[in-house]
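Engineer: here's a sequence, model it:
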Amino acid sequence: MQNPRDEVQRIFGAGVAAADPFAAVQSGLDDVPVPALIVAVGKAARLMAKAALARFAGVQCLVVTNYENAADLAGAAVMAAGHPVPDQNGADAAQAVIAALHAAEGPVLALISGGGSALLPAPAGNLTLADKARVNDLLLGSGLDIVAMNLIRQQLSDLKGGGFLRHAAPQPVTALILSDVIGDDLSAIASGPTVGPIGTVLDAVSLLQEAGLWAELPIVVRTHLQTAGAPDPLPEAKNLLVGSNEKSVTAMKAAAGKAHVIATPIEGDVAQAARLICDQAVIGTTVWGGETTVVLRGNGRGGRNQELALRIALEAARRGWTRWTCLQGGSDGRDGPTDAAGGLVDQDTLGKIGDLDGLLANNDSYAALKEAGDLLMTDATGTNVADLGVMIRTG
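Structural biologist: Model prediction:
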């Protein structure tokens, strides 16, 4: 076998390649009517739009993506916005999307990928962008999973939870969706702009109260949630899934030649996830997908993949493993508010970190991995199908 660090990166790369947005959209265009408008939203929006324009040249096309993936695209207007925290550019982009939908004079093709929730903040009612940003900050540090966060976001938005369809009506909408949500619930991906909401406003209030966030919300947000009425029925749309975390895990297994797949997606708290991964890791190669959560207790920098990588290293040491290498990374190339995709750790990682306990207590996984020289740096990949992991264990 080649160097295990090179090998785990090669296998991870195969998973990312399987989520190539251009190929994913190409595979789903055969039954799509010629659109009058193409709207692409999310971290993979630019490449998804490029594929659609290759088939439907000359069609009006609006692309909204994160700053790292934004670049000019012939035939399209590309707008860059903030992620994971919404910003004014995103609010402006949301208004541009709404205006384009209202003006459409024929079928609309929506290209949806992960990240779209933060990238298109269209505050509902009397809410402001600052209100939504405050809620988003609270959600990101709450430990709630992506489905719960998106359920809450939908109740505060004019585009999420099917709002896109209301603005497009009466024009028909077809959506090609690249999933970053485990289980591929279409209503949760990018907060479901072309799908019905995950839950109700009462569900949102309950989740916020259970997470201990209710009292920290801006008063205008609490008022909005307490007074919002039942929405009108949604227009119908044709929603097609064209890429997912599961497909990328399958591609990693094929790239490894022979690998054990952890069948259940890795979710929940990173410490528990690390134990589950090590429970199931075999001698040889093990691959998995999923999306974990981190409860923020400090003010350090990092992300769920970086912290999970460190906790896997701790768990492997506790079990006395002597020869192993593990890569845990975000398929989008960005983990939390950092320039790293995750961590690439092995049996030597912990010995290169001075105060790991203190760094983890401060949620400073980025600093810990940087000290060890074990940050996974990939640059933005142009896609997003949640998180991927691979371990090679020989002792």
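
Engineer: could I get the full set of strands for the stretch 251-395 of the chain?
Structural biologist: 260-261, 266-269, 284-293, 324-330, 342-346, 375-376, 387-393 (DSSP state E, counting those that start in this stretch).

Engineer: give me every residue that touches V108.
Structural biologist: With contact set as CB atoms under 8 Å, 6 or more residues apart in numbering, V108 has these partners: 35-39, 101, 168, 171-174. Heads up, the C-betas are built off the backbone N, CA and C, glycines and all.

Engineer: where do the helices sit along the stretch 51-200 of the chain?
Structural biologist: Shown for the stretch 51-200 of the chain, the helices assigned by DSSP state H, counting those that start in this stretch span residues 88-103, 116-119, 129-140, 146-154, 163-168.

Engineer: can you tell me which of those is most buried?
Structural biologist: Neighbour counts (mean count of other CB atoms under 10 Å) averaged over each of the helices of the stretch 51-200 of the chain peak at helix 116-119, with a mean of 28.

Engineer: contacting residues around that one?
Structural biologist: Residues contacting helix 116-119 (CB under 8 Å, 6+ apart): 41-42, 45, 64-66, 81-86, 90, 93, 136, 150, 153, 160, 189-191, 193.

Engineer: okay if I get the contacts of V108 as TSV plus pLDDT?
Structural biologist: Converted to TSV, the contacts of V108 look like this (pLDDT from 0 to 100):
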residue	pLDDT
P35	98
A36	98
L37	98
I38	98
V39	98
L101	98
A168	97
Q171	97
P172	97
V173	98
T174	98
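
Engineer: ok, which of the strands of the stretch 251-395 of the chain comes nearest N299?
Structural biologist: Set against N299 and scored by CB to CB, the strands of the stretch 251-395 of the chain come closest in strand 284-293, at 18.1 Å.

Engineer: so which bits of that closest one are buried?
Structural biologist: By 16 or more other CB atoms under 10 Å, the buried positions in strand 284-293 come out as 285-293.

Engineer: the inter-axis angle of it versus strand 387-393?
Structural biologist: 150 degrees (axes from the mean of the first three to the mean of the last three CA atoms, to 10 degrees).

Engineer: circling back: can you put the strands of the stretch 251-395 of the chain in JSON lines and add distance to Q226 and mean pLDDT?
Structural biologist: JSON lines is the format used below for those (distance: least, CB to CB, whole Å; pLDDT from 0 to 100):
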{"stretch": "strand 260-261", "distance to Q226": "45", "mean pLDDT": "98"}
{"stretch": "strand 266-269", "distance to Q226": "30", "mean pLDDT": "94"}
{"stretch": "strand 284-293", "distance to Q226": "27", "mean pLDDT": "96"}
{"stretch": "strand 324-330", "distance to Q226": "36", "mean pLDDT": "98"}
{"stretch": "strand 342-346", "distance to Q226": "39", "mean pLDDT": "98"}
{"stretch": "strand 375-376", "distance to Q226": "43", "mean pLDDT": "98"}
{"stretch": "strand 387-393", "distance to Q226": "35", "mean pLDDT": "98"}
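
Engineer: can I get those in TSV with distance to R275?
Structural biologist: Converted to TSV, these look like this (distance: least, CB to CB, whole Å):
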stretch	distance to R275
strand 260-261	17
strand 266-269	10
strand 284-293	12
strand 324-330	14
strand 342-346	16
strand 375-376	21
strand 387-393	14
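
Engineer: select, out of the ones you listed, the one closest to L356.
Structural biologist: L356 lies closest, by CB to CB, to one member of these: strand 342-346, at 11.5 Å.

Engineer: doesn't N239 belong to a helix?
Structural biologist: No - counting by DSSP: H, G, I helix; E, B strand; the rest coil, N239 is not part of a helix but strand.

Engineer: hmm, it is touching S179, no?
Structural biologist: No - here N239 does not reach S179: they are 10.9 Å apart, not a contact under CB atoms under 8 Å.

Engineer: of these two, which one has the most company?
Structural biologist: Between N239 and S179, counted using other CB atoms under 10 Å, the more crowded position is S179 (27 against 18).

Engineer: excluding residues flanking it in the chain, which one is nearest the more buried one?
Structural biologist: S244 (4.3 Å; CB to CB, 6 or more residues apart in numbering).

Engineer: against G13, how distant is the one you found?
Structural biologist: Remark: distance between S244 and G13 (CB to CB, to the nearest Å) = 18 Å.

Engineer: higher neighbour count, those two?
Structural biologist: Using other CB under 10 Å as the criterion, S244 and G13 rank with S244 on top: 24 against 17.

Engineer: now do the contacts for the more buried one.
Structural biologist: Per CB under 8 Å, 6+ apart, neighbours of S244: 19, 178-179, 184, 385.
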